[in-house]
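Asks: Have a look; sequence and predicted model below, questions after that.
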Amino acid sequence: MGALHVRGRSLPDGEQVQWWIVDEGSPEEHGPHGVLSAEPIAHADTVFDGGWIIPGLVDAHCHVGLKPGGATTYDEAVEQAETERAAGALLLRDAGSPVDTRSFDDRPDLPRIIRAGRHLARPKRYLPGLPIDIEDESQLPAAVAEQARWGDGWVKLVGDWIDRGIGDLAPLWSDDILAAAIDAAHANGARVTAHVFGEDALPGLINAGIDCIEHGTGITEDVIDLMLEHGTALVPTLINIENFPGIADVASKYPTYAKHMRELYASCHRRVGAAHEAGVPIYAGTDAGGMMAHGRIGDEIAALRTVGLSATDALGAACWDARSWLGRPALEHGASADLLCFREDPREVGVQHPDLVMLRGRVY
């Protein structure tokens, strides 16, 4: 491939920029790939000129390898990744998957994936077949350490789920075990996140030093204060919360749980908005896989606007800010050429239809 060239306005600063894309790499490094150069390259082919240029989008809660009912086949997982690429989501934080997608790293045509390994849960306290079930909670720290070594810097806990014995959401783990488990992850170089719908599990997780909360529909003012104190991030998956009324409708056997889910749905936007206003860092994730279709990061960005994020902040939550949080580069000299180009300002028209998608220097 010859050198390529793009020119336009960058975000969030709006400055005019130019980037040249040149191949680097070797077959031992999964083949050549395009990297960004701030230095002009002679005879480069201009593939975009005029408009807006941003780093590839981030879906910070995305399950490649998961479909309604359980695990996908390999080919189905590839199709999911391709759908994300078409939507401009070029960096995915896979927040728990029953499928080992590490071979995707050898595919330069697929988005990069940051893997959290398998969900960790108690028996019968999560969706069947997805998690590693921990029979004795004292085994959790060792299981967390194992997943930390297996994954790409993240571990995923199930923080709460319906306890059929009481008929409502309830925490899965004791506070002391959580502290030991999160310490084990940090000692192995990984951060920890947790699925949490309700209120009761949040203080124990945050006080134990957890790095992120997924969904977080049960956050309260006291919990917001704890998140600020501990630097805990939030990925609210707002488009997935739209499923709560349907979940409640089919849970007539557990009326307390059904009522609770409806209440969480009704208060979600107010609670997430309060967290944002207080300064809790919020990032965009769709929860794709399972109940949610892939390729909907644009819808999640739009949903973040409804809880008070500005157009720039909502896009940043799925782009430059999310990349910084995950320790991945945005647009800089020597970085992988993963970018999107838009003829119109994506803060105004949305990101659902990029005019150019470039992954590892290849135009799609």
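Replies: Perfect, I can see it now. Numbering: from 1, shown residues only.

Asks: how close does Val307 get to Leu234?
Replies: 11 Å (CB to CB, to the nearest Å). Every residue, glycine included, has its C-beta placed from N, CA and C.

Asks: whoops, I mixed them up, Pro12
Replies: 20 Å.

Asks: These two: which is more packed in?
Replies: Set Pro12 next to Leu234 and count neighbours by other CB atoms under 10 Å: Leu234 wins out with 24 against 14.

Asks: Quick one: list the elements packing against the helix or strand harbouring the more buried one.
Replies: In this structure, Leu234 is located in strand 233-235 according to DSSP states H and E. Contacts defined by 3 or more CB pairs under 8 Å, 6 or more residues apart in numbering; DSSP states H and E place strand 233-235 against strand 212-215.

Asks: now for the strand it packs on, which elements pack on it?
Replies: strand 191-196, helix 202-207, strand 233-235.

Asks: Now do the shortest one: distance to the chain's middle.
Replies: Averaging C-alpha positions (CA atoms, centre = their mean, to the nearest Å) puts strand 233-235 9 Å from its chain's average.

Asks: ditto for the second one
Replies: In terms of CA atoms, centre = their mean, the centre of helix 202-207 is set 21 Å apart from its chain centre.

Asks: Name the residues of it that are buried.
Replies: 202, 204-206 (16 or more other CB atoms under 10 Å).

Asks: And the spatially most central residue of the chain, what's its pLDDT?
Replies: Among the residues of the chain, the one closest to the centroid is Ala60, at 1.1 Å (CA atoms, centre = their mean). pLDDT recorded at Ala60 is 98.

Asks: Could I get the contacting residues of the residue nearest to it when sequence neighbours are not counted?
Replies: Spatially, and ignoring its direct neighbours in sequence, Ala60 is nearest to Gly285 (4.1 Å; CB to CB, 6 or more residues apart in numbering). Residues in contact with Gly285 (CB atoms under 8 Å, 6 or more residues apart in numbering) are 59-62, 93, 95, 214, 235-237, 300.

Asks: Tell me how far Gly285 lies from Asp133.
Replies: Computed as CB to CB, the Gly285 to Asp133 distance reads 24 Å.

Asks: Tell me where the model's unsure across the stretch 1-150 of the chain.
Replies: Residue ranges of the stretch 1-150 of the chain with pLDDT under 70: 1, 25-32.

Asks: counting contacts, what elements does the helix or strand encompassing Val155 pack onto?
Replies: Counting by DSSP H and E, the element that carries Val155 is strand 154-158. In terms of contacts (3+ CB pairs under 8 Å, 6+ apart), strand 154-158 is packed against strand 120-121, helix 140-150, helix 175-187, strand 191-196.

Asks: picking up where we left off before, what's the residue nearest to the centre of the chain sitting at in phi/psi?
Replies: The phi and psi values for Ala60, taken as degrees, to the nearest 10, are phi -90, psi 0.

Asks: Surely it is in contact with Ala284?
Replies: Yes. The pair Ala60 and Ala284 qualifies as a contact (CB atoms under 8 Å) at a distance of 6.1 Å.

Asks: so the strand holding Val155 versus helix 175-187, what angle?
Replies: 160 degrees (axes from the mean of the first three to the mean of the last three CA atoms, to 10 degrees).

Asks: Do a quick rundown of the helices in the stretch 201-350 of the chain.
Replies: 202-207, 221-230, 238-241, 244-249, 255-278, 297-305, 311-316, 320-326, 346-349 (DSSP state H, counting those that start in this stretch).

Asks: Could you provide the ones you listed in JSON lines, with additional columns for distance to Thr73?
Replies: Output for those, formatted as JSON lines (distance: least, CB to CB, whole Å):
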{"stretch": "helix 202-207", "distance to Thr73": "34"}
{"stretch": "helix 221-230", "distance to Thr73": "38"}
{"stretch": "helix 238-241", "distance to Thr73": "23"}
{"stretch": "helix 244-249", "distance to Thr73": "27"}
{"stretch": "helix 255-278", "distance to Thr73": "32"}
{"stretch": "helix 297-305", "distance to Thr73": "24"}
{"stretch": "helix 311-316", "distance to Thr73": "34"}
{"stretch": "helix 320-326", "distance to Thr73": "28"}
{"stretch": "helix 346-349", "distance to Thr73": "34"}
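
Asks: Those helices: which one's closest to Ile41?
Replies: helix 320-326 (24.3 Å; CB to CB).

Asks: what packs against that closest one?
Replies: If you count contacts as 3+ CB pairs under 8 Å, 6+ apart, helix 320-326 packs onto strand 45-55, strand 57-59, strand 89-94.

Asks: pLDDT on that helix, on average?
Replies: The average pLDDT for helix 320-326 rounds to 98.

Asks: pull the CA atoms of that helix into CSV?
Replies: In CSV, the C-alpha atoms belonging to helix 320-326 read as follows (Å, rounded to 0.1, in the frame of the first residue of the first chain):
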residue,chain,number,x,y,z
TRP,A,320,-10.5,10.5,23.0
ASP,A,321,-11.5,10.5,26.7
ALA,A,322,-12.3,6.7,26.6
ARG,A,323,-9.0,6.0,24.9
SER,A,324,-7.1,7.9,27.5
TRP,A,325,-8.9,6.0,30.3
LEU,A,326,-8.1,2.7,28.7
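
Asks: Show me what counts as buried in it.
Replies: Quick answer for helix 320-326 (16+ other CB under 10 Å): 320-323, 325-326.

Asks: From the residues you listed, pick the one nearest Leu340.
Replies: Trp320 (11.8 Å).

Asks: count of neighbours near Pro255?
Replies: Counted with other CB under 10 Å, the burial measure for Pro255 works out to 12 neighbours.
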